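Colleague: What follows is a protein structure lacking sequence information:
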Ligand code: UGA
């Protein structure tokens, strides 16, 4: 059974590559109108970095995994089509700043309807607001030229960046939503057979379409809510002398709570959490549920508060002014082991420091220099970038970033920033005195750094 995929930024590729890897009897074609991306997929330099992805692609490419720009041909020959396109937050119009922009989902759906010459199962893989599948179904049925049957399934993705391949190989669950009709159930069974190539049947869950769509938003909202909850507690810890790591450990031992996603931080980032929660907020508002909308919005507001609070602590410790002081920012990615900076807390911190007229030296082992400039400047405003370049230096090591700095701020939990992996004595010697270190990720051993001479401030721990 041929399986095809309409493009996406990051998750569709790994998912379909693993489907091909685990189902050698299926032909999987990944299509994208962007020829450069397809050329990269067909080269030794894949367009996204995920540990383990190269091996999977190398094994199947040309066997049963193909990459192509011929979208029409792929639609015509396939039985199952994953629509895995971007659903960014709308930047203008109704719901701007909250609602998902579904233009790519709609155009991909119309494309399938226009080109298909046989019945298709269309799988909604992008994260979408509840009831998008219904719109896709209406579009498919209204635009199909021949008398074709389209079945719509929802099959949300739960992989995290940096661990995409292990997450796909051993998923906690696979969710398939379908209409509660004989055709719907049979389409769901066909997709379940694909996953059964490697996932135990007991972990392949079927449910109604809307439950499946909502479950994706709900899972991300609950994960983000845990982080905002522990971050809210971190503020209480700092004020009382409690230690947030100890509180998190104590709570996590309760099997009903569990230990994961309870690490306090300077704030969650990434392309999904904030976007999906704001989607949920917009959905709640459109359903006339303002209290529900306010509840979820608070998760994002707490995240913003955490970044402001951390910055205020830095200002206050640095004798209430950052003007002309040099801040070494360790880490720019939204989490370790990725070069992705989308919604990274480090961007907000850097902008706060710049607004306080500080000089900022940034080092991240994986983020490109051009990306940092893009993240710090306003799109299209040349003069703004020139001004920023006067205050910001991008460095090629933690040591050069720290040279002459008044403080080090750890924004990303890269392993190389741990005490055992960096020569903090060398860093201390090269800094202004008193030398401050602010740990926004709880990764350093404060005692060891205090012994060197640092003044250490850790999120969720009192001074
Ligand atoms: C997240 C979800 O974890 C995936 O299940 C989901 O499929 C994905 O979004 C998506 O919707 O595509 P991801 O954004 O890659 O995955 O990253 P996470 O590992 O969830 O981390 C998100 C942010 O939370 C990072 O900034 C991380 O540093 C932060 N975090 C995470 C904490 O501050 N504390 C924690 O305990 C855990």
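Modeller: Received it, and whenever you're ready, just let me know what you need. Here the structure is a predicted model, which is why all the values come from computation and not from measurement. Numbering: from 1, shown residues only.

Colleague: Provide a list of residues in contact with residue 96.
Modeller: residue 90 (C-beta atoms under 8 Å, 6 or more residues apart in numbering). From N, CA and C alone the C-beta is placed, and that goes for glycine too.

Colleague: And it, how far from residue 89?
Modeller: 8 Å (C-beta to C-beta, to the nearest Å).

Colleague: Check residue 284 too.
Modeller: Relative to residue 89, residue 284 is positioned 16 Å away (C-beta to C-beta).

Colleague: helix or strand right after the longest helix anywhere in the chain?
Modeller: Determined from DSSP state H, the single longest helix within the chain is helix 209-240. Reading on from helix 209-240 to the C-terminus, the next helix or strand found by DSSP states H and E is helix 244-252.

Colleague: Name the residues of that next one that are buried.
Modeller: By neighbour count on 16 or more other C-beta atoms under 10 Å, the buried set for helix 244-252 is 244, 245, 247, 248, 251, 252.

Colleague: Contact partners for the closest residue to the ligand within the stretch 351-463 of the chain?
Modeller: Of all residues in the stretch 351-463 of the chain, residue 413 sits closest to the ligand, at 6.6 Å by C-beta to the nearest ligand atom. In this structure, residue 413 makes contact with 265, 331, 335, 336, 441, 443, judged by C-beta under 8 Å, 6+ apart.

Colleague: residue ranges with poor pLDDT in the stretch 301-450 of the chain?
Modeller: For the stretch 301-450 of the chain, the stretches flagged by pLDDT under 70 are 380-383.

Colleague: Around the ligand, pick out the residues from it.
Modeller: Selection of the stretch 301-450 of the chain residues close to the ligand by C-beta under 6 Å from any ligand atom yields 334, 335.

Colleague: Just give me the neighbour total for the residue of the stretch 301-450 of the chain found nearest the ligand.
Modeller: When you check the stretch 301-450 of the chain against the ligand by C-beta to the nearest ligand atom, the closest residue turns out to be residue 335, at 3.6 Å. When neighbours are counted by other C-beta atoms under 10 Å, residue 335 registers 20.

Colleague: residues contacting it?
Modeller: 161, 162, 269, 270, 412, 413.

Colleague: most neighbours, which of the residues you listed?
Modeller: residue 412 (29 neighbours).

Colleague: what residues are up against the closest residue to it other than its chain neighbours?
Modeller: Leaving out its chain neighbours, the residue that sits closest to residue 412 by C-beta to C-beta, 6 or more residues apart in numbering is residue 331, at 2.5 Å. Residues in contact with residue 331 (C-beta under 8 Å, 6+ apart) are 346, 363, 364, 410, 411, 412, 413, 414, 417, 441.

Colleague: Return the member of those residues nearest to residue 206.
Modeller: residue 413 (37.0 Å; C-beta to C-beta).

Colleague: So the closest one lies in a strand, does it not?
Modeller: No. Using DSSP: H, G, I helix; E, B strand; the rest coil, the secondary structure at residue 413 is coil, not a strand.

Colleague: Just give me the neighbour total for the residue lying closest to it once chain neighbours are set aside.
Modeller: In this structure, residue 413 finds its nearest non-sequential neighbour in residue 441, 4.0 Å apart by C-beta to C-beta, 6+ apart. For residue 441, the neighbour count with other C-beta under 10 Å is 22.

Colleague: Need the three-state assignment for residue 441.
Modeller: Per three-state DSSP, residue 441 ends up coil.

Colleague: now the helices: where do they sit in the stretch 251-400 of the chain?
Modeller: 273-286, 290-317, 345-355, 369-376, 382-391, 398-402 (DSSP state H, counting those that start in this stretch).

Colleague: Go through those helices and name the closest to residue 455.
Modeller: Per C-beta to C-beta, nearest to residue 455 of the helices of the stretch 251-400 of the chain: helix 290-317, 7.2 Å.

Colleague: what angle separates that closest one from helix 209-240?
Modeller: 30 degrees (axes from the mean of the first three to the mean of the last three C-alpha atoms, to 10 degrees).

Colleague: List the buried residues in helix 290-317.
Modeller: Buried, per 16+ other C-beta under 10 Å, within helix 290-317: 293, 296-300, 302-303, 305-307, 309-311, 313-315.

Colleague: ok now that helix, how far from the chain's centre?
Modeller: 19 Å (C-alpha atoms, centre = their mean, to the nearest Å).

Colleague: Repeat that for stretch 64-75.
Modeller: Distance, centroid of stretch 64-75 to centroid of chain: 27 Å (C-alpha atoms, centre = their mean).

Colleague: Could you pull out the buried residues of it?
Modeller: Result for stretch 64-75 [16+ other C-beta under 10 Å]: buried residues 64, 65, 66, 67, 68, 69, 71, 74, 75.

Colleague: what's the spacing between the second one and residue 354?
Modeller: When C-beta to C-beta is the yardstick, residue 65 and residue 354 sit 45 Å from each other.

Colleague: repeat for the first one
Modeller: Counting by C-beta to C-beta, the separation of residue 64 from residue 354 is 50 Å.

Colleague: Which residue ranges of the protein form strands?
Modeller: All strands of the chain, identified by DSSP state E, fall at 3-6, 28-31, 65-68, 80-83, 120-124, 150-154, 174-178, 204-208, 326-330, 359-363, 392-394, 407-410, 436-439, 455-458.

Colleague: Pipe these into a markdown table and attach distance to residue 39 per row.
Modeller: Listed next are the strands of the chain as a markdown table, based on distance: least, C-beta to C-beta, whole Å:
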| stretch | distance to residue 39 |
| --- | --- |
| strand 3-6 | 17 |
| strand 28-31 | 13 |
| strand 65-68 | 9 |
| strand 80-83 | 21 |
| strand 120-124 | 26 |
| strand 150-154 | 31 |
| strand 174-178 | 31 |
| strand 204-208 | 35 |
| strand 326-330 | 35 |
| strand 359-363 | 31 |
| strand 392-394 | 29 |
| strand 407-410 | 38 |
| strand 436-439 | 42 |
| strand 455-458 | 46 |
